[in-house]
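J.: What follows is a predicted protein model with its sequence.
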Amino acid sequence: MKINVTINGQAHSHDVEPRLLLIHYLRDTVGLTGPHIGCETSLCGACTVEVDGNAVKACTMFAVQADGHDVLTIEGLAVDGKLHKMQEAFWNEHGAQCGFCTPGMIMASKQIIERNPNPTDEEIRHGLEGNICRCTGYQHIVNAVRAAAKA
Amino acid sequence: MATTITKHETLVGKAIRRREDPRLITGTATYVDDIQMPGMHHAAILRSPYAAAKIKSINIDAAKAHPGVAAVFVGADTKDVGPVPCGASLPGLRVPHHYILAIDRVYFVGHPVAVVVASDKYIARDAVDLIEVDWEPTGAIADPEKALEAGSPAVHPEWPDNTAFTYHQEGGDAAKAFAEAEVVIKQRITSQRLVPNSMETRGVVADWNAADRSMILWSSTQIPHLMRTLVALMLGLEENRMRVITPEVGGGFGSKLNVYAEEALMGFIARKLGKPVKWIESRRENFLCTTHGRGHVDFYEIAAKKDGTITGLRVKILQDLGAYHQLLTPAIPTLSVLMLPGLYRFKNVTADIVGVFTNCTPTDAYRGAGRPEATHGIERMVDMLAAELKMDPAELRLKNFVHNDEFPFPTATGLTYDSGDYAAPLNKALEIVDYKSLRAKQAAARKEGKLMGIGMSTYGEICALGPSPATPAGGWESATVKIDPTGKVTLMTGSCHHGQGEETTFAQIAADELGVPIDDILVLRGDTAIVQYGIGTFGSRGTAVGGTAMYFALQTLKDKIKRYGAMLLDSDDVTYADGNVICNKTGKNAPLAQIAGAAHRAMKLPPNTEPGLFATYFWEPPNFTFPFGAHIVVTEVDKETGKIDINRYVAVDDCGRILNPLIVAGQVHGGVAQGLGQALCEHAVYDDDAQLVSGEFMDYAMPRASMMPWIEAEHTCTPSPVNPLGVKGVGEAGTIGCSPAIVNSVVDALSPLGVKHIDMPMSSEKIWKLANA
């Protein structure tokens, strides 16, 4: 099937199999390997991207469902080399260790503060429920989201 | 030669943000699955759905004929590839031959049976479904206690008792201690099977160059050099023509301290097809085929006097090994034995291990590797003893700790504890929680019918693995420092960090030693063609062993820099400071960049000095290091639901000198999360047919953000005398200290109801039943 998708502000057209997952389309066809595959069952959140401004797990959506839509991946977050404030906060607060969950974690965290500009720690933790991190124990991630909200 | 010298700001000890993070937070890091190569093929593996079965026949015709499929291989094709290696040796150890693909029988669910190679990963997976296997299921056994009963199915038919080894160790005279004991407590304590679940699964890319007889293997591993040696042996390749590259690694926790069938299998395929091939493990495969952790059923007995003096410990450990030995499988419970005395002075210990085969995934190292099991056991027993003697658990611990003037302290299990002040972290933690008023609060809460618990653990651990005689493949680590003609510094470490932040901490060490800006320093690791041989990152050894090797390489190079500086300054009385060699008499200086240029141009050489600025150091540690600490946990149990609320978590860890407090805090938090996972929710559950029923994130409960309490992480600092950095290691501390503290807290909460012990995980169902019995 022919699809037209805007990814990180750029137009892309590809002919894809209907069964191709969005995450495989982004990683293998488009070459954006920032979103990661941690489970392929929508439970870990490593593949989180935005579609039309909503955080989605790209392993649970077909590429064809993104036809005509606007996708934002971690690679599109920094503008002209300037990090997004959530990226900066993850760096300052040591929110990443092995880094594998980090792109999805940052995309989910960005969504948390966009929906709720002044979240409590409890609200931050609730907002991170869909993303698993095995390294950090989440505390520095919570610190990062709080810091970015205030930035 | 009299330029201004900028005073170098000391970086060791500062919470500087990590230098590896820019690529991680922008999604530009390269993990194995991010590697694309022209002509690359993709492999998918057919795995056994049965825990024990004979393979009567395999029909691969349809899979082979599927469009896009390049090849299908079965066990008969790969039987000459060397077995998956077991690096541990114990007297009388039974080692089953571990083929990379099953030959005529499978031994656990997930056992690899056939591999499909195709031009596309979707096609490879489609074709796996076209392979027809005629199975004849045989009896399977998952429970290690039942596996030892007569008449149980034999995992390996040649060994019907399912016993891989027995092991005995003793120190002092435990029999006498128990004969003379005034109090003896016995308890069966389990440490359940866990799945390490690094967020990046395993993955391998192999590329063969026939003309050069060379192979490049990209693998998500903690041990690139050991992998090169072992996989070259498995494949019959020349080790010097094999290159292992470890790109970014998305967590390991011990599960990537291994060599698996798939590394050799991808190498075999790349060589057969002459094409690069990639295999990325699915999460389901990760649950089934990557090593699990723990899997203990232990029987503890503790002997004491009525005044609370602990006199002896007797322990029998049943270690569920799974179906095969992976790299270190049988060695892991021997680490438990070493750690049994904890922080206590008693000198009489006897321990027995029975290594049991089951039709399950092999167990091996998982964060803490043997030490969390032992710490959980001794810390539970100390609490049970305190309850029996009606003593305060803190008081009982303080009474039995090794005294400060007894270091170096020889233990009953043959270790020599390096340094410590074991009361310090406990006293600090007690102070932070205001223990006395907390107990008063608890008494008041109990009067209101509330189930409030206060629990503690005081743990020790064996880190900086380790002296070579105690480590199967050598316990040293290597480091190289080179300075380019322009004065830029490159560090190459045999450690292979995968989230621990050593690109930052090693650069901090080098920046301070060389007095150069940290931005001038590049840290490389994880490529056998770039880095001299190394051992890798595990057992809290990265900084304590690898960092120390780096420190010594820096000293060697500094000597050379000084010789060049002395020559340039025409003086034999010089010092090195702030990136300059300085003449002590004249005050004239030669900056490092100038020396680097002179050393490379080599127009003139100092006496007995070679050109260039390059130094390599292989450091052999004289001992392990022994970090310690105290964790206190305050809980409340909801009687109606069995839910456990953790209202306070205080961790006071002593990991020696701290190089970067931000990174150390991250290690403690992450370690606690994994200990909490074991205490509360994680469990690799096998049914009676040895099917893993918690084999996906849907069923296996990983700690998520809302489950984690706020961790109040504090430290005391007792430098280690084992290395000049004074560091002890911190990667596993949180995990080791955590689970007994949480369980002790919940047992304390339920103690008014007569509860004395709870096995992990403490699910709400289990707690509700205990609270409403």
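T.: Cool, the structure landed.
J.: Could you report the neighbour count for the residue in chain A that chain B sits nearest to?
T.: Closest to chain B within chain A is A:Gly34: 2.1 Å, counting by Cβ to the nearest Cβ. For the C-beta atoms, the positions are set from N, CA and C on the backbone; glycine is no exception. Neighbourhood size, A:Gly34 [other Cβ atoms under 10 Å in any protein chain shown]: 26.
J.: which residues sit in contact with it?
T.: Neighbour list for A:Gly34: A:73-75, A:103, B:26-28 [criterion: Cβ atoms under 8 Å, 6 or more residues apart in numbering or on different chains].
J.: Switch those over to CSV; also include neighbour count and pLDDT.
T.: Shown next, in CSV, are the contacts of A:Gly34 (neighbours: other Cβ atoms under 10 Å in any protein chain shown; pLDDT from 0 to 100):
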residue, neighbour count, pLDDT
A:Thr73, 23, 98
A:Ile74, 29, 98
A:Glu75, 20, 98
A:Pro103, 31, 98
B:Thr26, 21, 98
B:Gly27, 25, 98
B:Thr28, 16, 97
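J.: Among those, which are located in strands?
T.: Among those, no member falls in strands (criterion: DSSP state E).
J.: Out of those, flag the one nearest to A:Pro117.
T.: A:Ile74 (21.3 Å; Cβ to Cβ).
J.: Check whether the closest one really touches A:Ser109, as I assumed.
T.: No. Contact criterion Cβ atoms under 8 Å: A:Ile74 and A:Ser109 do not qualify, at 11.3 Å.
J.: picking up where we left off before, and the residue of chain A closest to chain B, helix, strand or coil?
T.: Following DSSP: H, G, I helix; E, B strand; the rest coil, the label given to A:Gly34 is coil.
J.: With adjacent residues omitted, what lies nearest to it?
T.: For A:Gly34, ignoring the flanking residues on the chain, the nearest one in space by Cβ to Cβ, 6 or more residues apart in numbering or on different chains is B:Gly27 at 2.1 Å.
J.: what's the burial count for residue 144?
T.: Went with chain A since none was named. 28.
J.: nope, chain B please
T.: 24.
J.: Against B:Pro333, how distant is it?
T.: From B:Pro144 across to B:Pro333, the span is 12 Å (Cβ to Cβ, to the nearest Å).
J.: list residues touching both of these two?
T.: By Cβ under 8 Å, 6+ apart, the residues touching both B:Pro144 and B:Pro333 are B:Gln319.
J.: gap between stretch B:588-607 and the chain center?
T.: 43 Å (Cα atoms, centre = their mean, to the nearest Å).
J.: Domain-wise, how is chain A divided?
T.: A:2-76, A:85-150 (automatic domain parsing).
J.: backbone phi and psi for the residue nearest to B:Ala210 when sequence neighbours are not counted, please?
T.: Once flanking residues are discounted, B:Ala210 sits nearest to B:Gly274: 6.4 Å by Cβ to Cβ, 6+ apart. Backbone torsions of B:Gly274, given as degrees, to the nearest 10, read phi 70, psi 30.
J.: Count the neighbours of B:Gly274 for me.
T.: 11.
J.: Show the end-to-end separation of stretch B:568-582, please.
T.: End-to-end span of stretch B:568-582 (Cα to Cα, to the nearest Å): 10 Å.
J.: Need the contact partners of that stretch.
T.: B:1, B:3, B:5-8, B:514-516, B:558, B:561-562, B:564-566, B:583-586, B:588-592, B:594-595, B:598.
J.: Now, of these, which are buried?
T.: B:8, B:514-516, B:558, B:561-562, B:564-566, B:583, B:588-592, B:594-595, B:598 (16 or more other Cβ atoms under 10 Å in any protein chain shown).
J.: Cross-reference those residues with the helices and report the matches.
T.: B:514, B:558, B:561-562, B:564-566, B:592, B:594-595, B:598 (DSSP state H).
J.: and the residues you listed as JSON lines, adding distance to B:Ala773 and pLDDT?
T.: Listed next are these as JSON lines, based on distance: Cβ to Cβ, whole Å; pLDDT from 0 to 100:
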{"residue": "B:Leu514", "distance to B:Ala773": "65", "pLDDT": "97"}
{"residue": "B:Lys558", "distance to B:Ala773": "67", "pLDDT": "97"}
{"residue": "B:Ile561", "distance to B:Ala773": "71", "pLDDT": "97"}
{"residue": "B:Lys562", "distance to B:Ala773": "73", "pLDDT": "97"}
{"residue": "B:Tyr564", "distance to B:Ala773": "77", "pLDDT": "97"}
{"residue": "B:Gly565", "distance to B:Ala773": "77", "pLDDT": "97"}
{"residue": "B:Ala566", "distance to B:Ala773": "79", "pLDDT": "97"}
{"residue": "B:Leu592", "distance to B:Ala773": "71", "pLDDT": "96"}
{"residue": "B:Gln594", "distance to B:Ala773": "78", "pLDDT": "96"}
{"residue": "B:Ile595", "distance to B:Ala773": "76", "pLDDT": "97"}
{"residue": "B:Ala598", "distance to B:Ala773": "80", "pLDDT": "97"}
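J.: May I see the buried residues of the strand ranked longest in chain B?
T.: Longest strand of chain B, by residue count under DSSP E: strand B:310-322. By 16+ other Cβ under 10 Å, the buried positions in strand B:310-322 come out as B:310-315, B:317-322.
J.: what's the next secondary structure element after it?
T.: helix B:332-339 (DSSP states H and E).
J.: Check which helices and strands that following helix sits against.
T.: strand B:163-171, strand B:310-322, strand B:349-357, helix B:371-389 (3 or more Cβ pairs under 8 Å, 6 or more residues apart in numbering or on different chains; DSSP states H and E).
J.: Looking at those, spot the one closest to B:Arg213.
T.: Using Cβ to Cβ, the nearest of these to B:Arg213 is strand B:310-322, at 35.7 Å.
J.: The closest one packs against which elements?
T.: Packing partners of strand B:310-322 (3+ Cβ pairs under 8 Å, 6+ apart): helix B:144-147, helix B:174-179, strand B:296-304, helix B:332-339, strand B:349-357, helix B:371-389.
J.: Dump the ones you listed to a markdown table, plus mean pLDDT.
T.: Below are the helices and strands packed on strand B:310-322 laid out as a markdown table (pLDDT from 0 to 100):
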| stretch | mean pLDDT |
| --- | --- |
| helix B:144-147 | 98 |
| helix B:174-179 | 98 |
| strand B:296-304 | 98 |
| helix B:332-339 | 97 |
| strand B:349-357 | 98 |
| helix B:371-389 | 98 |
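J.: Switch the ones you listed over to JSON lines; also include distance to B:Gly501.
T.: Below are the helices and strands packed on strand B:310-322 laid out as JSON lines (distance: least, Cβ to Cβ, whole Å):
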{"stretch": "helix B:144-147", "distance to B:Gly501": "37"}
{"stretch": "helix B:174-179", "distance to B:Gly501": "42"}
{"stretch": "strand B:296-304", "distance to B:Gly501": "31"}
{"stretch": "helix B:332-339", "distance to B:Gly501": "25"}
{"stretch": "strand B:349-357", "distance to B:Gly501": "35"}
{"stretch": "helix B:371-389", "distance to B:Gly501": "22"}
